[in-house]
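> model the structure of this input:
(4 chains)
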Protein chains: 4
Amino acid sequence: MKRLQKPIIPAKITYDMTVNQLMEEFSGCAFGAGRLFEAREIYSEMINDSECTKFFGLAGAMVPAGMRQIVSDMIRDRKIDILVTTGANLVHDIIESLGLHHYKGTEVADDIELKHCAINRIYDVYLPEEHFSRFEEKLKPIFLKLPEILSINDLLSHIGGELDDDNSILKSACDMDVPVYCPAIQDSILGLQAWLFKQTKPLNVDVFADMKGLIDRCYEAKRTGVFIVGGGVPKNFILQSMLVTPKSFDYAIQLTMDRPETGGLSGATLDEARSWGKVGENARSVTVYSDATITLPMIVAAVKRGNE
Amino acid sequence: MKRLQKPIIPAKITYDMTVNQLMEEFSGCAFGAGRLFEAREIYSEMINDSECTKFFGLAGAMVPAGMRQIVSDMIRDRKIDILVTTGANLVHDIIESLGLHHYKGTEVADDIELKHCAINRIYDVYLPEEHFSRFEEKLKPIFLKLPEILSINDLLSHIGGELDDDNSILKSACDMDVPVYCPAIQDSILGLQAWLFKQTKPLNVDVFADMKGLIDRCYEAKRTGVFIVGGGVPKNFILQSMLVTPKSFDYAIQLTMDRPETGGLSGATLDEARSWGKVGENARSVTVYSDATITLPMIVAAVKRGNE
Amino acid sequence: MKRLQKPIIPAKITYDMTVNQLMEEFSGCAFGAGRLFEAREIYSEMINDSECTKFFGLAGAMVPAGMRQIVSDMIRDRKIDILVTTGANLVHDIIESLGLHHYKGTEVADDIELKHCAINRIYDVYLPEEHFSRFEEKLKPIFLKLPEILSINDLLSHIGGELDDDNSILKSACDMDVPVYCPAIQDSILGLQAWLFKQTKPLNVDVFADMKGLIDRCYEAKRTGVFIVGGGVPKNFILQSMLVTPKSFDYAIQLTMDRPETGGLSGATLDEARSWGKVGENARSVTVYSDATITLPMIVAAVKRGNE
Amino acid sequence: MKRLQKPIIPAKITYDMTVNQLMEEFSGCAFGAGRLFEAREIYSEMINDSECTKFFGLAGAMVPAGMRQIVSDMIRDRKIDILVTTGANLVHDIIESLGLHHYKGTEVADDIELKHCAINRIYDVYLPEEHFSRFEEKLKPIFLKLPEILSINDLLSHIGGELDDDNSILKSACDMDVPVYCPAIQDSILGLQAWLFKQTKPLNVDVFADMKGLIDRCYEAKRTGVFIVGGGVPKNFILQSMLVTPKSFDYAIQLTMDRPETGGLSGATLDEARSWGKVGENARSVTVYSDATITLPMIVAAVKRGNE
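Residues are numbered from 1 along each chain as shown, chains lettered A, B, ... in the order given. So this is what the prediction gives:
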């Protein structure tokens, strides 16, 4: 019977096996392991497809969690052509580019005591409040040099160009000519800085100015693939960009813990996106429901090539 | 011992009991039921505090799920002073204000078949694709009348003023002078319409223009409370607005299924927000981890007053 | 188009509305609210079907959370014909039947300090350790009177018969001739008591002895319905009992927060159970993914009749 | 400040890195990646502690998912001293030991069609119904040879001794003298077989008979560690066995997607277990909230030694 063709083949663990070998062992497994293998398959096909424009959506506090280097390496390895992310990830990336650190803390913390110590908590990560003063000092002169009217992507390019850290996501994107989109940029400490600046100086960042560039890329692309970490605004902003084109994504991967049953877009299945025409009828897609700080590094490790 | 003062009192169900009576029964319960009772307590205190400025964050596909009337009634009942929401909720609100419907479908659907029938799926809700054409027709003349430079809130006010449906969230906000903020407005079909419009006509919506108004309200407020449905951008945008003031929220309620362990802001505890100074040291706060399409109506029903 | 027949009708909240009226408002809603309405519909049909044998599966710490009275009332209202539950729920039920309380605590507790205070924590519920001594005192004389060989159901009947609290689940089941099954009874403090007793006295409780009675009931039933709170052993033990009969469940409701993607039985959809023949092809079924301490009381309140 | 001592060090992915090297990279990360590193640290310490008795709790459909070989190898590698699992995992293990397979299917299936094809679905795994006939044939003669009174562990030893597959979990446990406990054994197809057998022949498996052996092991152990996959009955049965001893677990790891907020034992934090004295005050413990079919293999791979 055609439904009974692929037997489950139990995974076998061996001494000093590589991440890629472990992934191979997952090829006969089901549930999360099976999905992770499928994600590697799709991702491998996608990055080896030279005519595929590769979108990357980065939501969640991935930079504070320690995923910054992975993303900047992906950009420098040309595995990301277009990046859509949140203001928070960029703020934390800029902070680290100043040589400032986030710290391992604990999620069972006395938050009022932390407040008294001027430490901000992000789950089990601690961030000294004073880092935001350094962040402000860095941004002020950059803001002063901005043109009066610009797009969010322009604003981020200006900032990225002033960073002095090759491991920075924003700097790497700048160096590699990868556009960075950040639809809700005002929803971040960057937004608060902009408010402060606008108290005394003009600044006009046009909400919709980036859409043309993004949609043009969608039109031009021969094929498109999307790798979504988390969900949120980056997920939808990437997927919806296809709606006004006659195309749809050919490859789609999502790593998330969000669930479909609440009806929100973050947890929506990639199949749902097919009904909208965002993901193609014949596209390969998979969602891995597991912690992305574990699964993102695994997938990247499993397709890392020797010459990178 | 002080830890053992409040015995669990099992809930008792009676014939034809009101939602409020059920909530009273939850007063002696724990887990979700106990948290829901606590949410009602906080909410009741908050709306009876005449010096409290009430923020409302609305994320998730709450309008397609049937929560539109509840939110517009809350606005007209003066239970919301400032609304922060997503582009999607506004798009679906505008669509319904045109007399167009969403439909009950099923989440176990053949999405490719739906695509062929031009039906877009949002979990178990169906939306005919042609509604977006009607949406476009509605927006076009509004766009033509816009000033060339405006804020997102201005844009939404203009649209709200042209809607002819008192049950609309946007129209109700307009009528009641409740500002609506939508940081990631470009991440919605509205964003795609703006792109279309900008192909031929100038339009400049300033990303950061709304921040002054929002932060001014925070400064002016004697006390502040926030009711968060879902998480996402609305949650953070509201909470962060306090960061630049010497104040913090005095009341905070969140209804969500998101979980803290992924480290993302959506699932972050409200205690975490205390370490940042977003929520006050002595503020009452609670997160109810349960489906918001069930818990939002319950809380609203339990505090509904006779004269409303 | 047949797919677009049931428009979403936004819920409307009114002053002092009953739980049942709120449920009616959910009839036009989707996501959790829509599912909860569906659960009420199925449950209402099931309890009004006089030829339906009604199974109830109770997992999770429902008694500590304050759901004990609801379940014992359901038994006394003849809404439960067969109860399958966990050892923990029975232990906590017996403790409360001794006039001892659980207490409202907090889930952000110092567990080592609690240990030093001899307080056991169950999420945000506290239980003084000494209650278990009282539990032991209660059980000892009961154990002494037991026959040497018996089934788990027999053991529970003996205990239930010795309880002096009409609000007890076990006593109510005893009074109403509702069999109580508890497959993993050794996985509870009751199990530890049995171990203690067996150090000096013989006791032989036969693992498989209950299956005949349970399966006979399945064979005899004209129609069957199942209401599952949580998941776990009670869920599967009820569902699998149909496997050896030519029948399957005609009504099935599950209230849970567990998710399907991990592949475990607790979060498995009720559709999956159709492939096994546990739930019938034409059976009505629904899973409500929301906190059961909220949804169980709501459903019960919505079908409570005046004469009960 | 002592809270700011361990900076987050972003993970770096390199060509052909081993699973262990990836784990090393997680040492500076937070969220799930940080917890997984911590789990490896604890597990490594635990298996290198020659005086530590190692418990393993296996819940969830881990055998159908392809995790069977990993567990049987752990037993043969002496990384498991005592196994507590579910009836389902043992049934599926026995089926595979007969040379019969589970198959990769899909979770978006037509379950009624599957029913017609006599295929049982476990999320995205398919199992031909006829395998259960073969299972029955295998068990029948074994049942005939059983002593009339025995414990669950005895029953499982008898079955394990008759299996002819070194990759079987049950056979491996048998070969290595690792006791297997399965408190809710009647909650499985094995239970249904026992019911069938008891129609005509006597069989008396004593529910509480295993507790003495288990608790004796707890008393004898110098130190104890527990590795919990999933939650459910195995988790609690292991943890509670310490309650009657003056000891508590010294090492504790849990891999689960269950959440604490529902109050159920499966999702309860390991800290909660400290208030009960199940986990020691100074014990190292961690819960990794991520798919166990991914994290279990990773941890095992990261501590696999060359001579195994």
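> so which bits of stretch A:95-103 are buried?
A:I95, A:E96, A:S97, A:L98, A:L100, A:H101, A:H102, A:Y103 (16 or more other CB atoms under 10 Å in any protein chain shown). From N, CA and C alone the C-beta is placed, and that goes for glycine too.
> could you tell me the phi and psi values at the fourth one?
Summarising the backbone geometry of A:L98 under the convention degrees, to the nearest 10, its torsions are phi -90, psi 10.
> just give the closest residue to it, not the sequence neighbours.
Spatially, and ignoring its direct neighbours in sequence, A:L98 is nearest to A:R134 (5.6 Å; CB to CB, 6 or more residues apart in numbering or on different chains).
> surely that neighbour meets A:I95?
Yes - in this structure, A:R134 is within contact of A:I95 by CB atoms under 8 Å, at 7.4 Å.
> span of stretch A:197-207 from start to end?
One end of stretch A:197-207 to the other measures 18 Å (CA to CA, to the nearest Å).
> got phi/psi on the closest residue to chain D within the stretch 151-300 of chain A?
Residue nearest to chain D within the stretch 151-300 of chain A: A:D291 (2.9 Å; CB to the nearest CB). With angles defined as degrees, to the nearest 10, A:D291 sits at phi -60, psi 120.
> how about the contacts made by it?
With contact set as CB atoms under 8 Å, 6 or more residues apart in numbering or on different chains, A:D291 has these partners: A:M257, B:E261, B:T262, D:F31, D:G32, D:A33, D:V288, D:Y289, D:S290.
> burial check on the fourth one, number of neighbours?
Applying other CB atoms under 10 Å in any protein chain shown, we find 30 residues neighbouring D:F31.
> that one and A:A65 touch, don't they?
Yes - if you go by CB under 8 Å, D:F31 and A:A65 touch, sitting 4.4 Å apart.
> please, which helix or strand holds the closest residue to A:A11 other than its chain neighbours?
The shortest distance from A:A11 to any non-neighbouring residue, by CB to CB, 6+ apart, is to A:E25 (4.0 Å). Here A:E25 is covered by helix A:19-25, with elements defined by DSSP states H and E.
> pLDDT averaged over that helix - what is it?
For helix A:19-25, mean pLDDT rounds to 98.
> could I get the CA-only coordinates of it as PDB?
C-alpha atoms of helix A:19-25 as PDB (Å, rounded to 0.1, in the frame of the first residue of the first chain):
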ATOM      1  CA  VAL A  19      25.500  17.200  13.400                       C
ATOM      2  CA  ASN A  20      25.000  16.200   9.800                       C
ATOM      3  CA  GLN A  21      25.300  12.500  10.700                       C
ATOM      4  CA  LEU A  22      22.700  13.000  13.400                       C
ATOM      5  CA  MET A  23      20.400  14.700  10.900                       C
ATOM      6  CA  GLU A  24      20.900  11.700   8.600                       C
ATOM      7  CA  GLU A  25      19.800   9.400  11.400                       C
END
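> check contacts around the residue nearest to A:A11.
Taking CB under 8 Å, 6+ apart, we find A:E25 in contact with A:A11, A:K12, A:I13, A:M17, D:P297.
> widest-spaced pair of those?
A:A11 and A:M17 (10.3 Å; CB to CB).
> the two: which is more packed in?
A direct count of neighbours by other CB under 10 Å for A:A11 and A:M17 places A:A11 higher, at 27 against 20.
> A:R121: what secondary structure?
Under DSSP: H, G, I helix; E, B strand; the rest coil, A:R121 falls in the strand class.
> which residue packs closest to it, ignoring adjacent ones?
Using CB to CB, 6+ apart, the nearest residue to A:R121 is B:S275, at 4.1 Å.
> by contact count, what packs against the helix or strand where that neighbour lies?
Assigned by DSSP H and E, B:S275 belongs to helix B:272-276. Using 3 or more CB pairs under 8 Å, 6 or more residues apart in numbering or on different chains; DSSP states H and E, the elements in contact with helix B:272-276 are helix A:111-116, strand A:119-122, strand B:279-289.
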